[in-house]
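**Student:** attaching a predicted model along with its sequence, questions to come.
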Amino acid sequence: MKTNKTIDVQDRRQYCTFWLADRLFGVDILDVKEINPEVSITPIFHAPPEVEGYVNIRGQIHLVLNLRFLMGFSKKDLDKSSRIVLLKSRVGESFGVLIDRISDVREVDESKIEDRRNTDRGVSATNDSDKRKHELATGVYQLQKELLVVLNAKNFLGAVKT
Amino acid sequence: MTGNEVEVDKTILEMLADPLIHIIRNCCDHGIESSETRKQKGKASSGTIEVYAYHEAGHIIIKVVDDGKGIDTEVIKSKALERGLKSEAELAQMNEKDLFALLMLPGFSTAQQLSDVSGRGVGMDVVKTSIESFNGTTEIDSTPGVGTSLRLSLPLTLAIIPCLIVSVGDYRYAIPQVNLVELVRLYDEDVYKRIECAANQEVYRLRNHLLPMVRLKEVLSHPHVFSEKDIAEVTERYQKQAKESAESHKKQSLIFAVLKVGSKRFGLILDNVIGTEEIVVKPMHQVVKKLDIYSGATVMGDGKVALILDIDGIAKHSQIQDVSGLEHESQEKEKNKSQDETQTVLLFKSGEQEQFAVSLPLIRRIERIPVSRIEKIGNREFVTIDGVSTRILRIHEHLNVSPCPPQDIMLLLLPKHIKRPVGILISSVIDVVEINALLNDKTYMEDGLLGTALVKEKMTLFMDIYRFIEKAEPDWFLERKRKTPSPVEQKSILLVEDTVFFRHLVKGYLEADGYLVETAENGKKALEMLQFNKFDLIVSDIQMPVMNGWEFMTAIRADEEFKDIPALALTALDNDSDRERAFEVGFNAYERKIEREQLLASIARLLQPKILKSA
């Protein structure tokens, strides 16, 4: 529990947070290019289930991944609150992830993120993409009201089974 | 740096990243001198690298200029010699620009020390190849002591291909036009009767060719390559559906596209065909590149993304069975039939009463024209197709037939081999049929027709498209006509041709041009006729039974009396080996049966009085 609200400058990080299956997740805001309400996605048959499809945003074709599926939740129909979080090109070429509902940008104290990577409740990774899925959640952070699961956007594309 | 705002396609941008890094590192490593050297030379102690990007004449230009030590052509020459890339003689011939270009040959580095900054193995040759893979150019220029500049030029236009847009379910797909042969639509019982089953594979008999049928819906719902079991299951399911629908007499329609890729041909069953479009091809994303059924994606007019199908991928995925074994049988049947001269004709109607036919290979395309788009200038009608004003000819205005009933949408037949844009207006297409009818020119004949025949139990008028157009617009052919000798010295031609259809067709052309024509169906008959009649010119087919064109010509030229008679070889095809052989055996010219204008011009030329050479 944080008692002191001021965070050291070098530890200050901003996270773009969003809801997936009623849990709060976040990615480093510096990895995010934009958040788009466009939901007209063309499915790509034969692609792995993590791939939701293609979407056109201002003339550019972007690949959309279903983040719910990537995180192990079941897929859900799109609704008014669905958004596509587009990632910057240094995170991956022309792609974004589909999320349930966008939330606020939260400031986080880097030093207080609990590293979860090695304390995975004993779930053994049986194949490469499962391993990669585990690497998506790099830690948890206690916000005032809820728990934020910190994700590493750079690992999203790698987690797709090819 | 200038040109931050210059836009370029993402794929090009991504390709440029590494080359640009390499180029700039090169400037740092090989170009810019150390600050001591620079001070000695009177330059500023730190070097400058300028990067410019701008649009110019449909290209994007990127220039990287440094004020370093420049490139010494002597060093290039010696390195080139050292590595055996060029000889002394070659180097002597090269100008400055050519020498600089040598830098981009593989394995050419002139730095004494390759730092790990630029020596990653990405050499200038890789830069050149990357740029050239996008149809761009690279140019190096330099002044020793002053600096070096590198200019990259990339074309802005991307891959744009014409496609057929189709749909299955809620989504659209693009089929590249290059793979498309034709579209077929089946109605009601045909949907079930005509899709047959051969060795567990659905097939369709399209004019004596057996086509394996693939359902796009099934391809999309089977992520793994079709196994024998899968194919059998799909076939069974649809055959069952077919049986049920046939029994309940359901009204239905089914549309499929006949596709070709390499030597494979198959039919792809679709839900709907939307139209043709020129689309911009965007490559597939890295993550889905492996999917063999897609070759790219595109953004449609309404902003939605559509996937471009890779026809080869679909063929491989559906494991198209080679039905050529079964095909062989029907091909044999076809060979036997060819003696009876079958022709593929398009049956159509203009007015209510008559049924017309025209040889299908002579038609380039059929366009749908809304009557509202027809423009009248004087008493001529035009319509714009693909940006070209096309003259419209109505059949009843030049032939004694019933007029077209008023309709909102008409069809326009666009013929091949005519230089001027012209189309023949018709009201509807009935069918495409293979007929082996002999044309009758006694019962009913008119200038512009080849004759009549009974097709589908109806008297059908066979149009001579070219004669018809000439009748409507005689001026168009005036030039060639002038070359033809005047009727005063009417020339007689012996036409040797076994196929009835072509015999009629070519005889028609020749008589319309004022020649007297006698015909023979093979070389032997022709030789007999030559004994009893005098001819000014021989026009002969090559492939004929009993005695073919080669044998015929050889026999003619061996005979003293006929060794000088002008002779023209006619063929349905056109290949070089035949052409050479034709001249070897003694023909004076070689033309294609369908190229009317060429044929007549050639004949006119051959019949011109020869300039007698003084002995």
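**Tutor:** All right, it came through fine.

**Student:** doesn't residue A:141 fall inside a strand?
**Tutor:** Yes. Remark: residue A:141 belongs to a strand, assigned using DSSP: H, G, I helix; E, B strand; the rest coil.

**Student:** partners of it in the sheet?
**Tutor:** Here residue A:141 sits in beta bridges with residue A:148, going by DSSP bridges.

**Student:** residues touching it, list them.
**Tutor:** A:26, A:108, A:109, A:112, A:113, A:114, A:147, A:148, A:150 (Cβ atoms under 8 Å, 6 or more residues apart in numbering or on different chains). (Glycine included, C-beta is placed from N, CA and C.)

**Student:** dump these into a markdown table; add neighbour count, pLDDT and secondary structure as well.
**Tutor:** Formatted as a markdown table, these follow (neighbours: other Cβ atoms under 10 Å in any protein chain shown; pLDDT from 0 to 100; DSSP: H, G, I helix; E, B strand; the rest coil):
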| residue | neighbour count | pLDDT | secondary structure |
| --- | --- | --- | --- |
| A:26 | 23 | 95 | strand |
| A:108 | 24 | 89 | strand |
| A:109 | 17 | 87 | strand |
| A:112 | 12 | 83 | helix |
| A:113 | 18 | 84 | coil |
| A:114 | 12 | 85 | strand |
| A:147 | 11 | 92 | strand |
| A:148 | 20 | 93 | strand |
| A:150 | 23 | 93 | strand |
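
**Student:** residue A:48 contacts residue A:161, correct?
**Tutor:** Yes. Here residue A:48 lies in contact with residue A:161, judged by Cβ atoms under 8 Å, at a distance of 4.6 Å.

**Student:** pLDDT below threshold where in the stretch 151-300 of chain B?
**Tutor:** B:156-159 (pLDDT under 70).

**Student:** quickly note the distance from residue A:68 to chain B.
**Tutor:** Residue A:68 sits 17 Å away from chain B, going by Cβ to the nearest Cβ, to the nearest Å.

**Student:** so where does that residue fall, helix or strand?
**Tutor:** Using DSSP states H and E, residue A:68 sits in helix A:67-70.

**Student:** what residues does chain A put near chain B?
**Tutor:** Selection of chain A residues close to chain B by Cβ under 8 Å from any Cβ of the partner chain yields A:40, A:42-47, A:51, A:53-56, A:59-61, A:63, A:93-95, A:157, A:160, A:162.

**Student:** what's the nearest residue to residue A:41 if we skip its chain neighbours?
**Tutor:** residue A:53 (4.2 Å; Cβ to Cβ, 6 or more residues apart in numbering or on different chains).

**Student:** who in the stretch 251-400 of chain B is up against chain A?
**Tutor:** B:282, B:285-288, B:290-291, B:293-294, B:297-299, B:303-307.

**Student:** go ahead and confirm residue B:470 touches residue B:508.
**Tutor:** No. If you go by Cβ under 8 Å, residue B:470 and residue B:508 don't touch, sitting 10.6 Å apart.

**Student:** hmm, back to that, just the buried ones from the residues of the stretch 251-400 of chain B next to chain A?
**Tutor:** B:282, B:285, B:287-288, B:291, B:293-294, B:297-299, B:304-307 (16 or more other Cβ atoms under 10 Å in any protein chain shown).

**Student:** before we move on, the earlier item: now the two most distant members of the contacts of residue A:141.
**Tutor:** Maximum pairwise distance in the contacts of residue A:141, criterion Cβ to Cβ, is 14.6 Å, between A:109 and A:147.

**Student:** next one, pLDDT for residue 35 please.
**Tutor:** Let's take chain A. The model reports residue A:35 with a pLDDT of 95.

**Student:** sorry, should have said chain B
**Tutor:** 83.

**Student:** dump the residue contacts of it.
**Tutor:** By Cβ under 8 Å, 6+ apart, the residues touching residue B:35 are B:45, B:46.

**Student:** if I look at it, how far off is residue B:46?
**Tutor:** 7 Å (Cβ to Cβ, to the nearest Å).

**Student:** is the residue nearest to residue A:41 bridged to anything, and to what?
**Tutor:** The partner residues for residue A:53, given DSSP bridges, come to residue A:64.

**Student:** got it, and residue A:12?
**Tutor:** Counting by DSSP bridges, residue A:12 forms beta bridges with residue A:109.

**Student:** strands of chain A, start to end?
**Tutor:** Remark: strands assigned in chain A by DSSP state E are A:12-20, A:23-28, A:32-36, A:51-57, A:60-66, A:83-87, A:95-99, A:101-109, A:114-115, A:137-142, A:147-151.

**Student:** ok and the second one relative to strand A:83-87, angle-wise?
**Tutor:** This means strand A:23-28. 30 degrees (axes from the mean of the first three to the mean of the last three Cα atoms, to 10 degrees).

**Student:** given strand A:23-28, what are its sheet partners and their directions?
**Tutor:** strand A:12-20 (antiparallel), strand A:147-151 (parallel).

**Student:** and it, which residues are buried?
**Tutor:** A:24, A:25, A:26, A:27, A:28.

**Student:** quick one: residues contacting the third one.
**Tutor:** When you say that, I think you mean residue A:26. Taking Cβ under 8 Å, 6+ apart, we find residue A:26 in contact with A:15, A:16, A:17, A:18, A:106, A:108, A:141, A:148, A:149, A:150, A:151.

**Student:** can you put the residues you listed in JSON lines and add distance to residue A:75?
**Tutor:** Output for those, formatted as JSON lines (distance: Cβ to Cβ, whole Å):
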{"residue": "A:15", "distance to residue A:75": "24"}
{"residue": "A:16", "distance to residue A:75": "22"}
{"residue": "A:17", "distance to residue A:75": "21"}
{"residue": "A:18", "distance to residue A:75": "16"}
{"residue": "A:106", "distance to residue A:75": "26"}
{"residue": "A:108", "distance to residue A:75": "29"}
{"residue": "A:141", "distance to residue A:75": "27"}
{"residue": "A:148", "distance to residue A:75": "23"}
{"residue": "A:149", "distance to residue A:75": "19"}
{"residue": "A:150", "distance to residue A:75": "23"}
{"residue": "A:151", "distance to residue A:75": "18"}
